[in-house]
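Trainee: 3D, please:
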Amino acid sequence: MVRNIFSKTAGAALACAASIGLVAGCSTDGDAVKSDAGSAASTTTQSDADPAKVRALVLTPKDFPAGYVAQEIPLSQMDDTLDKLRAATKGATFTPASCGDVNAIPDIDFGKIGLAVATKGMTASLTEMVTVGGTTVSNYRKQVTGECSSMTMTMEMEGQKVTSRVKQNVLDTPKVDADDSIVVEAVTTTKVGGQTVETRTLTGAAEVDGYLINVTATNMVPGEDPDRAGFEALFTKAVAKVVDQA
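Mentor: Residues are numbered from 1 along each chain as shown. Below you'll find the model as predicted:
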């Protein structure tokens, strides 16, 4: 049981770090719950996008696929999750070493993001985020296709050595009316004490008139694939809503 917790925490931390350009925080118990709300290093181009509108631009609970139940994520829980992620990765060693700098966890103002989270029992989650002033899809594409497309993080948790490796692959993107878009699959393999756990996530990102839309699908059952159909349906709806209402 303890080793399962270590594996899950490390896997979630590295999966989050792998996509830090778009997703600035994930729950250390496996659920993606947070987005990059804009750090000092953000490079989104200037636009007329209004940060005050992001909450109105996220999808409503009825827009999620059948079987998913919307969840409320308090701001205090988000802050706590970010603290846990920082603690989990503090002192970690990245290979290649440069990926540690790329995946540094920024400060985030969670009051400036639009967020919608839904889960299907204990097996799957879908998350949508809308932000202004984060990174660009172009920069994210460079990250996931560059030397950090495959990276390893090694750390110690309560005296146990934990090693996680993530491999990222760019997939075909559903047809969306966006300025730029990308879909990335991340496969994270975590080893601790002779036990190996594999987790898979899908992350879709799109830019529309200065707004950054991010949709993430996570399967909380080790080794199982995310809900690809649900992910694509939600990603398409999320982009369409911003196009129509921004």
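Trainee: hey, where'd the strands end up in the protein?
Mentor: 25-26, 32-34, 69-71, 93-95, 114-120, 124-132, 150-157, 160-171, 180-192, 195-208, 211-219 (DSSP state E).
Trainee: could you dump those strands to CSV with mean neighbour count?
Mentor: No exception for glycine: its C-beta is placed from N, CA and C like everyone else's. Shown next, in CSV, are the strands of the chain (neighbours: other CB atoms under 10 Å):
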stretch, mean neighbour count
strand 25-26, 27
strand 32-34, 25
strand 69-71, 13
strand 93-95, 15
strand 114-120, 21
strand 124-132, 26
strand 150-157, 19
strand 160-171, 18
strand 180-192, 21
strand 195-208, 22
strand 211-219, 27
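Trainee: Any chance of JSON lines for those, columns distance to Gly230?
Mentor: Shown next, in JSON lines, are the strands of the chain (distance: least, CB to CB, whole Å):
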{"stretch": "strand 25-26", "distance to Gly230": "18"}
{"stretch": "strand 32-34", "distance to Gly230": "14"}
{"stretch": "strand 69-71", "distance to Gly230": "13"}
{"stretch": "strand 93-95", "distance to Gly230": "32"}
{"stretch": "strand 114-120", "distance to Gly230": "8"}
{"stretch": "strand 124-132", "distance to Gly230": "6"}
{"stretch": "strand 150-157", "distance to Gly230": "27"}
{"stretch": "strand 160-171", "distance to Gly230": "15"}
{"stretch": "strand 180-192", "distance to Gly230": "13"}
{"stretch": "strand 195-208", "distance to Gly230": "10"}
{"stretch": "strand 211-219", "distance to Gly230": "7"}
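Trainee: want to throw these into JSON lines with mean pLDDT and distance to Asp63?
Mentor: Shown next, in JSON lines, are the strands of the chain (pLDDT from 0 to 100; distance: least, CB to CB, whole Å):
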{"stretch": "strand 25-26", "mean pLDDT": "34", "distance to Asp63": "22"}
{"stretch": "strand 32-34", "mean pLDDT": "34", "distance to Asp63": "18"}
{"stretch": "strand 69-71", "mean pLDDT": "91", "distance to Asp63": "10"}
{"stretch": "strand 93-95", "mean pLDDT": "89", "distance to Asp63": "37"}
{"stretch": "strand 114-120", "mean pLDDT": "90", "distance to Asp63": "8"}
{"stretch": "strand 124-132", "mean pLDDT": "90", "distance to Asp63": "9"}
{"stretch": "strand 150-157", "mean pLDDT": "86", "distance to Asp63": "34"}
{"stretch": "strand 160-171", "mean pLDDT": "90", "distance to Asp63": "22"}
{"stretch": "strand 180-192", "mean pLDDT": "92", "distance to Asp63": "18"}
{"stretch": "strand 195-208", "mean pLDDT": "92", "distance to Asp63": "15"}
{"stretch": "strand 211-219", "mean pLDDT": "92", "distance to Asp63": "11"}
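Trainee: Tell me which of those strands sits nearest to Pro61.
Mentor: With CB to CB as the criterion, Pro61 lies closest to strand 69-71 of the strands of the chain, at 3.6 Å.
Trainee: What helices and strands are in contact with the closest one?
Mentor: On a contact count with 3 or more CB pairs under 8 Å, 6 or more residues apart in numbering; DSSP states H and E, strand 69-71 meets strand 114-120.
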